[in-house]
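[1] Structure, please.
(one chain, ligands or ions: 1)
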Amino acid sequence: MAAQQLRLPPLPTIRDLIRLYKLRALKQLSQNFLMDERITDKFVKAAGKIHNNYICEVGPGPGAITRSIIKRCPKKLIVVEKDPRFLPTLELLQEASQGFTDMQIEIGDIRSYNFEVGFQNNIKYDWLGLVPPIHLVGNLPFSVSTILLVDWLNAISQKRSAWLFGRSTMTLTFQKEVAERIVAQVTEKQRCRLSVMCQMWCDVDYKFTIPGTAFVPKPDVDVGVVTLIPKKYPLVDLPFAMVEKVVRTVFNMRQKHCRRGVEVLFPKDLRETLGPRLFQLADVDFTARPFELSNEEFARVCYAYKMLSDQYPEIDGYNFRASKQ
Ligand code: SAM
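    Residues are numbered from 1 along each chain as shown. The predicted structure is shown next:
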């Protein structure tokens with residue numbers, strides 16, 4: 001079947017369905033719905049090839065993006081939605097897609113969804129080869145999408161979950177400001193912990209902006225669509241928690257020389273010795289500010305920290321904030 005041409009059987013509009021099932025957006029789940037098919041089509045196009053591929057949509061809600069996905073005839077579509085009120089509208093789409101897409105509905109929290117079961121029939125791709133035909137897409141609430149992204153970066157670093165099958169790609173929405181942070185390059189004002197963490201493991205791309213006015217109800221901010229493709233060769237090969245600790249601690253003093261942030265990685269009695277040692281080992285200028293460090297420099301800082309924590313095991317468990325409390 002021609003991928004782009006599929007016409008779904010006549011279905012009520014998303015607007016009608018919302019009215020019919022009285023699906024008032026729930027504030028506590030930060031629900032904002034997309035109604036404009038041109039935008040949902042553009043969003044799905046940003047994810048790349050859908051036809052004959054395996055897709056997981058997180059937070060489909062009443063199903064506007066889901067429709068745009070189904071029109072492109074994926075082989076399998078798994079939708080994971082926390083709010084059970086959307087089950088009837090999703091079942092309608094499941095019925096309409098019968099015969100050309102295997103659509104599976106999961107009611108539950110995406111953070112506990114097991115991709116290894118969902119994609120179990122998918123063949124595993126070599127990490128260094130082509131990306132597998134698996135895409136994760138979603139327009140999630142802002143608070144959830146950032147937490148989820150960090151969870152997923154952790155899974156990527158361990159090549160588990162959806163990344164057991166290779167370098168599965170992601171197309172997600174974020175509050176525009178957060179999307180800009182994810183892709184921020186060295187010295188840009190949005191550069192932060194999230195920029196470095198994402199760029200250590202993924203190639204990131206800001207695709208386009210969806211104006212807040214495109215959503216019902218309208219959020220206070222615009223929305224950025226970002227794609228993330230796991231790197232063949234991540235910039236660090238160290239435990240995620242260790243990298244996260246180093247990057248977070250350094251960025252805690254964003255406007256100060258990075259020496260200040262690095263020092264507090266070490267207990268007080270070791271700071272004077274190990275701070276300068278770390279910069280020497282990493283070959284990084286300690287007077288640079290955190291947002292002026294490249295991803296590669298951050299990677300070297302992490303490796304130097306690892307070397308020192310092998311020599312001084314007591315620094316591994318040291319937590320500056322806890323020590324202050
Ligand atoms: N995708 C729809 C659209 O674009 O119109 C709905 C978007 S709405 C911003 C976010 C959706 O994610 C809601 O349907 C909400 O119930 C769902 N959601 C929120 N947290 C979730 C979670 N942890 N797991 C799965 N779905 C979640």
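[2] Surely residue 200 is in a strand?
    No - using DSSP: H, G, I helix; E, B strand; the rest coil, the assignment for residue 200 is helix, not a strand.
[3] Can you name the residues that contact it?
    Contacts for residue 200 (C-beta atoms under 8 Å, 6 or more residues apart in numbering) come out as 234, 235, 236, 243, 295, 298, 299. Where you see a C-beta, it was placed from the backbone N, CA and C, and this is true even at glycine.
[4] Those residues: which two are farthest apart?
    234 and 298 (12.2 Å; C-beta to C-beta).
[5] The two: which is more packed in?
    residue 298 (28 against 19; other C-beta atoms under 10 Å).
[6] residues contacting the more buried one?
    Contacts of residue 298 were listed using C-beta under 8 Å, 6+ apart, and they are 196, 200, 235, 246, 247, 250.
[7] ok so, going back, any idea which of the contacts of residue 200 is closest to residue 16?
    Of all the contacts of residue 200, residue 16 sits closest to residue 234, with 46.1 Å by C-beta to C-beta.
[8] ok, back up a step: could I get the contacts of residue 200 as CSV with distance to the ligand and pLDDT?
    Below are these laid out as CSV (distance: C-beta to the nearest ligand atom, whole Å; pLDDT from 0 to 100):
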residue, distance to the ligand, pLDDT
234, 26, 97
235, 29, 98
236, 28, 97
243, 25, 97
295, 29, 98
298, 29, 97
299, 31, 98
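[9] can you list these in TSV and add secondary structure and distance to residue 60?
    Formatted as TSV, those follow (DSSP: H, G, I helix; E, B strand; the rest coil; distance: C-beta to C-beta, whole Å):
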residue	secondary structure	distance to residue 60
234	coil	30
235	coil	33
236	coil	34
243	helix	32
295	helix	33
298	helix	36
299	helix	37
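[10] The residue in the stretch 51-200 of the chain that the ligand sits nearest to: what's it in contact with?
    The nearest approach of the stretch 51-200 of the chain to the ligand comes at residue 59, 2.3 Å away (C-beta to the nearest ligand atom). Residue 59 sits next to 80, 81, 82, 110, 138, 139, 140, 141, 144 when contact means C-beta under 8 Å, 6+ apart.
[11] repeat that with 10 Å
    29-31, 65, 79-83, 86, 110, 137-141, 144-145, 148, 173 (C-beta atoms under 10 Å, 6 or more residues apart in numbering).
[12] What of residue 122?
    Residues near residue 122 by C-beta under 10 Å, 6+ apart: 53-54, 75-76, 115-116, 132-134, 162, 164-166, 168.
[13] Low-confidence stretches in the protein?
    By pLDDT under 70, the low-scoring segments of the chain are 1-5, 9-11, 20-21, 25-30, 322-325.
[14] hmm, 90 instead?
    1-33, 35, 120-123, 140-143, 216-220, 252-256, 313-325 (pLDDT under 90).
[15] Going along the chain, name the strands of the stretch 201-325 of the chain.
    Ranges of strands in the stretch 201-325 of the chain, per DSSP state E, counting those that start in this stretch, are 202-210, 215-216, 223-230.
[16] among the contacts of residue 122, which are within reach of the ligand?
    Counting by C-beta under 6 Å from any ligand atom, nothing from the contacts of residue 122 sits close to the ligand.
[17] now the residues you listed: which count as buried?
    Buried members of the contacts of residue 122, counted by 16 or more other C-beta atoms under 10 Å: 53-54, 75-76, 115, 132-134, 162, 164-166, 168.
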